[in-house]
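# I would like to see how this sequence folds:
(4 chains)
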Protein chains: 2
Amino acid sequence: MLLALSNVLTDDQERELDRRGLTPARTHVLWLVFHEGPRTQAELAVALGVSPRNVTTLVDGLEATGFARREPHPHDRRAVLVTLSARGEEAMRAMDAEHTELGGQLVAGMDDADVETTLRGLRHVLGRLTQLIAEHEARADAEGRT
Amino acid sequence: MLLALSNVLTDDQERELDRRGLTPARTHVLWLVFHEGPRTQAELAVALGVSPRNVTTLVDGLEATGFARREPHPHDRRAVLVTLSARGEEAMRAMDAEHTELGGQLVAGMDDADVETTLRGLRHVLGRLTQLIAEHEARADAEGRT
DNA sequence: TATTGTTATACTCTATAACTATA
DNA sequence: TATAGTTATAGAGTATAACAATA
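Below you'll find the predicted structure:
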């Protein structure tokens, strides 16, 4: 239907992440664990929408660069819990702070009423988009079953 | 600064593109040629923000699946012009029509004044974002030169 | 000397399939 | 039998470096 909206990072920002060993996909893992707490790899696979095999590689990378650790699951000896290291926590706190600052800068110069209306409009459009995608997938599902 | 906003395509839509041999990156090439006319690979590399080497592979794929052709450049025997085939034209016209339809569906149910304010807010935010990125890159450039 | 596009090579992100250890 | 994670393999997208043909 559409072109991919590739990426919100500037080249400089990508280079900066690379320099620290933090690729976009690994950053996404870190982000999830930071905001939702330690998770098993199977849970991360579902949350990221990727295969469990893929999570293995991503967590390997995060361990090698010291951003995360694998810890034994307390009740299930098959599973591991992906946990942030001090370095990983620090990186995610910095990223959170940048997001907050960016949000403020983006609406600088708009009056409160306009910010409010814009957000309301955006929520409406996102709601419609979600609905349209759900309808599309239901249709595709029904056709697949026929 | 942020997580990549990976992708606007649903899984179904990606599968549909794959089925026809149209991957996201190849679609982006097609899209550019459709909207801006035949281009050399060097020009496409700049427009896409990728390396010339990468464009070689993408155009190879588009030729193999019959969406585009390489044609000799009229004034420069080193260069080729990437041109859409009839199949490529058709695919891009269909995509354009879907975009137009989607745009209408997204604002369905909003009154005209709200659509207008939302768009104005979005333009403001995009302008600020562009400005902030430019400032960031100018700073990074200045530091790199020091 | 600079530019266009290619061959050679490598890394990230993704997938499926087969396997091991555990539940 | 089902689940968690791994090894094996493959394909798309990206990069740099070296090279040929042409400007």
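# didn't A:M95 look like it was pressed against A:H35?
No: A:M95 lies out of contact with A:H35 (C-beta atoms under 8 Å); the separation is 10.6 Å. Yep, even glycine has a C-beta here, placed from its N, CA and C like the rest.
# If you count surrounding residues, which of the two has more?
Legend: neighbour count by other C-beta atoms under 10 Å in any protein chain shown for A:M95 and A:H35, higher for A:M95 (19 against 9).
# And that one, which helix or strand is it part of?
helix A:86-106 (DSSP states H and E).
# for A:R70, same thing?
strand A:68-72.
# And that strand, how far out from the chain middle?
What separates the centre of strand A:68-72 from the centre of its chain is 19 Å, taken as C-alpha atoms, centre = their mean, to the nearest Å.
# What mean pLDDT does the longest helix seen in chain A get?
Using DSSP state H, we find that the single longest helix of chain A is helix A:112-145. When pLDDT is averaged along helix A:112-145, the result is 82.
# Of all the residues in it, which ones are buried?
A:D114, A:T117, A:T118, A:G121, A:H124, A:V125, A:R128, A:L132, A:I133, A:A140 (16 or more other C-beta atoms under 10 Å in any protein chain shown).
# I'd like these laid out as a markdown table, including distance to B:V29.
Output for the buried residues of helix A:112-145, formatted as a markdown table (distance: C-beta to C-beta, whole Å):
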| residue | distance to B:V29 |
| --- | --- |
| A:D114 | 38 |
| A:T117 | 38 |
| A:T118 | 33 |
| A:G121 | 33 |
| A:H124 | 33 |
| A:V125 | 28 |
| A:R128 | 30 |
| A:L132 | 27 |
| A:I133 | 25 |
| A:A140 | 26 |
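# Can you narrow these down to the ones near DNA strand C?
When these are checked against DNA strand C using C-beta under 7 Å from any atom of the strand, none falls in range.
# Tell me which residue lies nearest the centroid of chain A.
Nearest to the mean C-alpha position of chain A, by C-alpha atoms, centre = their mean, lies A:H28 at 4.1 Å.
# quick revisit: buried sites along the strand holding A:R70?
In strand A:68-72, counting by 16+ other C-beta under 10 Å, buried: A:A68, A:R69.
# ok, now stretch A:50-69?
A:V50, A:V55, A:L58, A:V59, A:G61, A:L62, A:T65, A:F67, A:A68, A:R69.
# Kindly report the same for stretch A:87-96.
Those would be A:G88, A:E89, A:A91, A:M92, A:M95, for stretch A:87-96 by 16+ other C-beta under 10 Å.
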